[in-house]
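*Asks:* sequence-free structure coming up:
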């Protein structure tokens, strides 16, 4: 039945049985009596060969050595199937298939985690903020203190399973233990439920949670508040609250990691002769010195004027890109001055070498 030889080892025997048991298991072959019968046969064969005494008797006398059969009269030991109970429980949704275990399942369950979204201004994310988050969650019922039973009452022993948390069904030579549907495996039921929470032990409420947003958070940052989620059923621990931050864009600063970038216009004289300009930063104005002959697209680095490092020390940098602004309309006097400048600084308008053209493309982005 198992397709093994007389000299099969314990490991080979288990491997052969596992393969056939999974193949013919009733849960995988619904409404197939032939598969169910085959499953019982291979299980019975394994029960005999996995028992040292029965295997010796079978090797010596065959089926007759088992007292006329290997069924319940032969005293099958359900513990030989213990190595398979976890596997079957994982595949088919129930454990202790062959009579092992039998422990109750706790009614207490951990509460669910919750998510809330919080939108921040760019400045709030930069400097940090103490704010509040509105949360709608289940909390423990005050009347029953989370038990689900009416005040002064308590759970009673489940009659369906006599408090064991499992009910057994006889199938052939072995029994199958399944979670009791009446008490969901806890062994107890609530006969007098709390009127306020209707036996659930929890009530839905809206609360305000204080949230400390640290300086330097960015869009998509998640802040977890342990134990601020929904309370568990029947006195179970609360889940967590996850606050997802959404940061608005700044009018002229662009954030890249902990660095900030901005673009500042320069006049032609400022770029040519140099100047001192006032550049805005998140902490106030900064005087930036522009050297003479500055080319369009040049970026200046201002250290420690970027975004604070989250949960760390220091800040990133601020990069200021200058762009020379050419006037689109000129009055008579401006034209005269530019004509004088053009006469003094002639440019040879010949095509540039490819190498130089590439450098200029890099310079202007």
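*Replies:* Sure thing, it's come through. All values reported here derive from a predicted model rather than from experimental measurement.
*Asks:* within the helices and strands, which one has the closest residue to residue 322 other than its chain neighbours?
*Replies:* Counting by Cβ to Cβ, 6 or more residues apart in numbering, residue 322 lies nearest to residue 266, which is 4.8 Å off, once chain neighbours are set aside. Bear in mind the C-beta positions are built from the backbone N, C-alpha and C, glycine included. Using DSSP states H and E, residue 266 sits in strand 259-267.
*Asks:* buried residues, that strand. List them.
*Replies:* For strand 259-267, the neighbour count (16 or more other Cβ atoms under 10 Å) marks 259, 260, 261, 262, 264, 266 as buried.
*Asks:* dump the residues you listed to CSV, plus pLDDT.
*Replies:* CSV is the format used below for the buried residues of strand 259-267 (pLDDT from 0 to 100):
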residue, pLDDT
259, 97
260, 97
261, 97
262, 95
264, 94
266, 93
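*Asks:* looking at those residues, which is nearest residue 17?
*Replies:* residue 259 (63.6 Å; Cβ to Cβ).
*Asks:* dump the residue contacts of the residue lying closest to that closest one once chain neighbours are set aside.
*Replies:* The spatially closest residue to residue 259, leaving aside those adjacent along the chain, is residue 316, at 4.2 Å (Cβ to Cβ, 6+ apart). Shown in contact with residue 316 (Cβ atoms under 8 Å, 6 or more residues apart in numbering): 257, 258, 259, 260, 306, 307, 309.
*Asks:* ok, back up a step: is the residue nearest to residue 322 in a bridge, and if so with what?
*Replies:* Beta bridges link residue 266 to residue 324 when assigned by DSSP bridges.
*Asks:* contact partners for it?
*Replies:* By Cβ under 8 Å, 6+ apart, residue 266 lies in contact with 275, 277, 290, 294, 322, 323, 324, 325.
*Asks:* also residue 220?
*Replies:* For residue 220, the contact set (Cβ under 8 Å, 6+ apart) comprises 244, 245, 246.
*Asks:* if you rank the residues you listed by neighbours, which is first?
*Replies:* residue 245 (19 neighbours; other Cβ atoms under 10 Å).
*Asks:* ok, that one touching residue 222?
*Replies:* Yes: at 7.5 Å, residue 245 and residue 222 qualify as touching, with contact defined as Cβ atoms under 8 Å.
*Asks:* now do the helices in the chain.
*Replies:* For the chain, the helices defined by DSSP state H cover 10-24, 33-49, 52-61, 82-92, 122-127, 268-273, 332-344, 354-364.
*Asks:* out of those helices, nearest to residue 206?
*Replies:* Using Cβ to Cβ, the nearest of the helices of the chain to residue 206 is helix 122-127, at 23.4 Å.
*Asks:* in that closest one, what's buried?
*Replies:* In terms of neighbour count (16+ other Cβ under 10 Å), helix 122-127 has its buried residues at 122, 124, 125, 126.
*Asks:* and stretch 216-227, by the same measure?
*Replies:* 216, 217, 221, 223, 225.
*Asks:* confidence score at the second one?
*Replies:* Among the per-residue scores, residue 217 holds a pLDDT of 95.
*Asks:* so what's it closest to, chain neighbours aside?
*Replies:* Once flanking residues are discounted, residue 217 sits nearest to residue 125: 5.0 Å by Cβ to Cβ, 6+ apart.
*Asks:* contacts only, for that neighbour.
*Replies:* 213, 216, 217, 218, 219, 245, 247.
*Asks:* for the residue nearest to the first one when sequence neighbours are not counted, grab the count of nearby residues.
*Replies:* Closest residue in space to residue 213, ignoring its immediate chain neighbours: residue 129 at 4.6 Å, by Cβ to Cβ, 6+ apart. Per other Cβ under 10 Å, the neighbour tally for residue 129 reads 17.
*Asks:* so residue 129 touches residue 210, yeah?
*Replies:* No: between residue 129 and residue 210 there is no contact under Cβ under 8 Å: 11.4 Å.
*Asks:* circling back to that earlier point, tell me how far the strand holding residue 266 lies from the chain's centre.
*Replies:* Relative to its chain's centre, strand 259-267 lies at 39 Å (Cα atoms, centre = their mean, to the nearest Å).
*Asks:* kindly provide the distance from the residue nearest to residue 213 to residue 18.
*Replies:* 58 Å (Cβ to Cβ, to the nearest Å).
*Asks:* filter the contacts of residue 266 down to the buried ones.
*Replies:* 275, 277, 290, 294, 322, 324.
*Asks:* what sits against the nearest residue to the first one once chain neighbours are set aside?
*Replies:* Leaving aside its sequence neighbours, residue 275 sits nearest to residue 290 (Cβ to Cβ, 6+ apart; 4.9 Å). Contact criterion Cβ under 8 Å, 6+ apart gives 266, 270, 271, 274, 275, 276, 277, 300, 322 as the residues in contact with residue 290.
*Asks:* repeat that for residue 324.
*Replies:* Contacts of residue 324 by Cβ under 8 Å, 6+ apart are 265, 266, 267, 268, 271, 296.
*Asks:* cutoff 6 Å now
*Replies:* 266, 271, 296 (Cβ atoms under 6 Å, 6 or more residues apart in numbering).
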